[in-house]
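Visitor: What follows is a predicted structure for the sequence shown.
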Amino acid sequence: MTIWKKAFTLDTLNQTSSNTLVEHLGIKYSSFDDNSLSATMPVEPKTHQPLGMLHGGASVVLAETLGSIAANMCVDEKKYCVGLDINANHIRAMRAGNVTGKATPLHIGVTTQVWQIEISDERERLVCTSRITMAVMQHKKNEQ
């Protein structure tokens, strides 16, 4: 059974990134199944820190992007989700290539959601692990 309450495709998700930080960093939604959402990000100068390695902040952007979009796909049209807290542990340095993040839910509740995001390199070695807590909000009547 799927966790998703909204219909989406990879194309529609990728269209939401137009003119955002997500697009600037080259993040692309790449796959989903009944219980997870994945995206890729290039490791190149625009995602590097000054020493030429993947910037930890870029990894956090990938993690928050995945957790946020996934959370919002798990609520009905009357609700939306916003980030409350995110943490990340940076495990492995990277200088080039691509990373893939995969978001899976730890908790999908009425008022909060918690998502685990594992970011791996092209050899499926863990680069970063992150957890994001999302607040589930109700649209106000005049917002809809």
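Guide: Structure's in. What do you need?

Visitor: residue ranges with poor pLDDT in the chain?
Guide: Across the chain, the ranges flagged by pLDDT under 70 are 142-144.

Visitor: So in the protein, which helix runs the longest?
Guide: Across the chain, the helix with the greatest residue count (assigned by DSSP state H) is helix 56-73.

Visitor: and that one, how far out from the chain's middle?
Guide: Averaging C-alpha positions (CA atoms, centre = their mean, to the nearest Å) puts helix 56-73 3 Å from its chain's average.

Visitor: One more: stretch 17-29?
Guide: 11 Å.

Visitor: Ends of that stretch, what's the gap?
Guide: 10 Å (CA to CA, to the nearest Å).

Visitor: count of neighbours near the spatially closest residue to S68 that is not a sequence neighbour?
Guide: Nearest residue to S68 in three dimensions, chain neighbours excluded: G83, at 6.1 Å (CB to CB, 6 or more residues apart in numbering). In this view, the C-beta of every residue, glycine as well, is placed from N, C-alpha and C. G83 is flanked by 14 other residues according to other CB atoms under 10 Å.

Visitor: my read: G83 touches T65, true?
Guide: No - G83 is not in contact with T65 according to CB atoms under 8 Å; the separation is 10.4 Å.

Visitor: if we can go back for a sec, name the helices or strands packed onto the host helix or strand of the residue nearest to S68?
Guide: Using DSSP states H and E, G83 maps to strand 79-90. Packing partners of strand 79-90 (3 or more CB pairs under 8 Å, 6 or more residues apart in numbering; DSSP states H and E): helix 56-73, strand 126-138.

Visitor: Note down every partner strand of that strand and its orientation.
Guide: If you go by DSSP bridges, strand 79-90 pairs up with strand 126-138 (antiparallel).

Visitor: in the strand it pairs with, what's buried?
Guide: 127-134, 136 (16 or more other CB atoms under 10 Å).

Visitor: Need those residues in JSON lines (columns: distance to G52).
Guide: Formatted as JSON lines, the buried residues of strand 126-138 follow (distance: CB to CB, whole Å):
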{"residue": "V127", "distance to G52": "15"}
{"residue": "C128", "distance to G52": "17"}
{"residue": "T129", "distance to G52": "23"}
{"residue": "S130", "distance to G52": "22"}
{"residue": "R131", "distance to G52": "28"}
{"residue": "I132", "distance to G52": "27"}
{"residue": "T133", "distance to G52": "32"}
{"residue": "M134", "distance to G52": "33"}
{"residue": "V136", "distance to G52": "40"}
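
Visitor: Noted, bye for now.
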